[in-house]
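Participant: whatever this is, show me its structure:
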Amino acid sequence: MSNPSCHADACVSHLALKTVTEYPLPADGQTHEIVSPITGLLLVSQQPGSALVKMRVDPATGRPISATRHVTRSSSFY
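Facilitator: Alright, predicted model coming up:
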């Protein structure tokens with residue numbers, strides 16, 4: 001009987017663990033983009049409220065420290 005964890009002549013001795021972190025954000029309809037320009041900072045764009053959330057996270061744990069929502073003024077182009 002073959003070992004189901006062996007693929008393409010290489011056996012896998014363990015599986016990689018994946019972690020999902022949920023961050024509490026100010027309420028809005030949709031979250032679009034999340035970037036981390038520097039360690040300890042996340043920037044999150046939200047729609048349709050045209051908001052940018054600036055979130056500080058603990059670099060050691062990844063847990064949120066604070067979040068501030070900045071609403072941008074939208075311009076209409078005709």
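Participant: partner strands of the particular helix or strand that has Arg69 in it, parallel or antiparallel?
Facilitator: Here Arg69 sits within strand 64-71, counting by DSSP states H and E. With DSSP bridges as the test, strand 64-71 is paired with strand 51-57 (antiparallel).
Participant: ok, back up a step: what mean pLDDT does the strand holding Arg69 have?
Facilitator: Per-region confidence: strand 64-71 scores 87 on mean pLDDT.
Participant: now do the buried residues in it.
Facilitator: Across strand 64-71, burial judged by 16 or more other C-beta atoms under 10 Å covers Pro64, Ala67, Arg69. The way it works is simple: take the backbone N, C-alpha and C, and place the C-beta from them, glycine included.
Participant: can I get the CA coordinates of that strand in CSV?
Facilitator: Only the C-alpha atoms of strand 64-71 are listed here, as CSV (Å, rounded to 0.1, in the frame of the first residue of the first chain):
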residue,chain,number,x,y,z
PRO,A,64,-4.5,45.5,17.1
ILE,A,65,-3.6,48.4,19.4
SER,A,66,-5.7,51.1,17.9
ALA,A,67,-7.7,52.0,14.7
THR,A,68,-8.7,55.4,13.4
ARG,A,69,-11.1,55.9,10.4
HIS,A,70,-10.4,58.8,8.1
VAL,A,71,-13.2,59.8,5.7
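Participant: residues touching the closest residue to Arg56 other than its chain neighbours, list them.
Facilitator: Spatially, and ignoring its direct neighbours in sequence, Arg56 is nearest to Ile65 (4.4 Å; C-beta to C-beta, 6 or more residues apart in numbering). Shown in contact with Ile65 (C-beta atoms under 8 Å, 6 or more residues apart in numbering): Arg56, Val57, Asp58.
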